[in-house]
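Asker: just need the structure, nothing else, for what follows:
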Amino acid sequence: MPSGPASARASAEPRHYAFIHIPRTGGSTIWHALALLSKDVEIPIVDLYHDAKRKFNNSSKTVEALVDIQKFLRANTCLIHHHVASKIDSFFDRKLQYATVVRDPIDRFLSEINHVKHFVQTGMDNNIDIGWDESLLKLACSPSVPIETLVHQAKSSPYFQDYYRRWFGAILLGRDGNDCTTSIQDIWDPRFPTYVRQAFSYIGNFQHLERVLLDISRSFGLPEPSIAIGHINKAKQSFSTAFNRNEYVAYFERDYAFL
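Answerer: Numbering: from 1, shown residues only. You can find the predicted model right below:
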């Protein structure tokens, strides 16, 4: 549910700032910092991810969580946390102002491996649709499978080859890849990269999270951060000498370069 006073930042035309939290990109760090800045200026926070989790025990049910707060959203300037690849702009009277963070695709994939292992091994499955095929998921959850094997198999998966392209497509065009409100028909349209850049006020990089927080704060009209963001573990996954990272870059970065 929204937090903070509903009368915050009175405006004849409410604005809506949506932080698109792509998994394993440092998004939690950025979101928590943005939330604190929003509270400082009494902008209500709408955390769709946790609302869906609390109401439906399924964090993917973002649309369902939006239904009963639609009136509030249309009447108030809000900061929105969106952590699921789904299109939500139809719930707002005015254009959403988007910002997000991306990360080197191989590093993001390796981080996701560790994340998935943790959730599966601890039984903390949140019913999140991570898009992995069953064979790769089984391999990732086996402690005896070397990281090189996982990377080698993942390089053939369209889900990872075009990870960001598919995320942006789901956010801007919808899961069916076709939105009648735009001339862009699907994520393979040559104009799609330009469309993404125009739709997002800001797309930052994981390697420079301090700068990302500053830039998004400015883009959203929030106060500039007065302190450094919290610690985030940027340590590289340790690879065996048999792992040649450069061998896989071309497979994982097909979707990254277009940004």
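Asker: surely A99 and S219 touch.
Answerer: Yes: applying CB atoms under 8 Å as the test, A99 and S219 come out as touching, 5.7 Å apart. The way it works is simple: take the backbone N, C-alpha and C, and place the C-beta from them, glycine included.
Asker: between these two, which contacts overlap?
Answerer: 201-202 (CB atoms under 8 Å, 6 or more residues apart in numbering).
Asker: comparing these two, which residue is more hemmed in?
Answerer: Just comparing A99 and S219: by other CB atoms under 10 Å the higher neighbour count belongs to A99, 21 against 16.
Asker: secondary structure element for the more buried one?
Answerer: Using DSSP states H and E, A99 falls within strand 97-102.
Asker: what about that strand, average pLDDT?
Answerer: For strand 97-102, mean pLDDT rounds to 97.
Asker: now tell me what touches that strand from outside.
Answerer: The contact list for strand 97-102 (CB under 8 Å, 6+ apart) reads 15-22, 25-27, 30, 108, 164, 171, 199-206, 209, 212, 216, 219-220, 256, 259.
Asker: and it, how far from the chain's centre?
Answerer: The chain centroid and the centroid of strand 97-102 are separated by 8 Å under CA atoms, centre = their mean, to the nearest Å.
Asker: partner strands of that strand, with direction?
Answerer: Using DSSP bridges, strand 97-102 pairs in its sheet with strand 16-20 (parallel), strand 200-205 (parallel).
Asker: what sits against the nearest residue to A154 once chain neighbours are set aside?
Answerer: Nearest in space to A154, with sequence neighbours left out and distances taken as CB to CB, 6 or more residues apart in numbering, is F160 at 4.8 Å. Listed by CB under 8 Å, 6+ apart, the contact set of F160 reads 105, 109, 154, 251-252.
Asker: out of these, which is nearest to K87?
Answerer: P105 (22.7 Å; CB to CB).
Asker: now the closest residue to the closest one other than its chain neighbours: how far from P14?
Answerer: Nearest non-adjacent residue to P105, counting by CB to CB, 6+ apart: F252, 3.9 Å away. Using CB to CB, to the nearest Å, F252 is found at 39 Å from P14.
Asker: who has more neighbours, those two?
Answerer: Taking neighbours as other CB under 10 Å, F252 and P14 compare with F252 leading, 23 against 18.
Asker: for the helix ranked longest in the chain, list every residue counted as buried.
Answerer: Counting residues, the longest helix found in the chain (DSSP state H) is helix 105-122. Buried residues in helix 105-122, counted by 16 or more other CB atoms under 10 Å: 105-113, 116.
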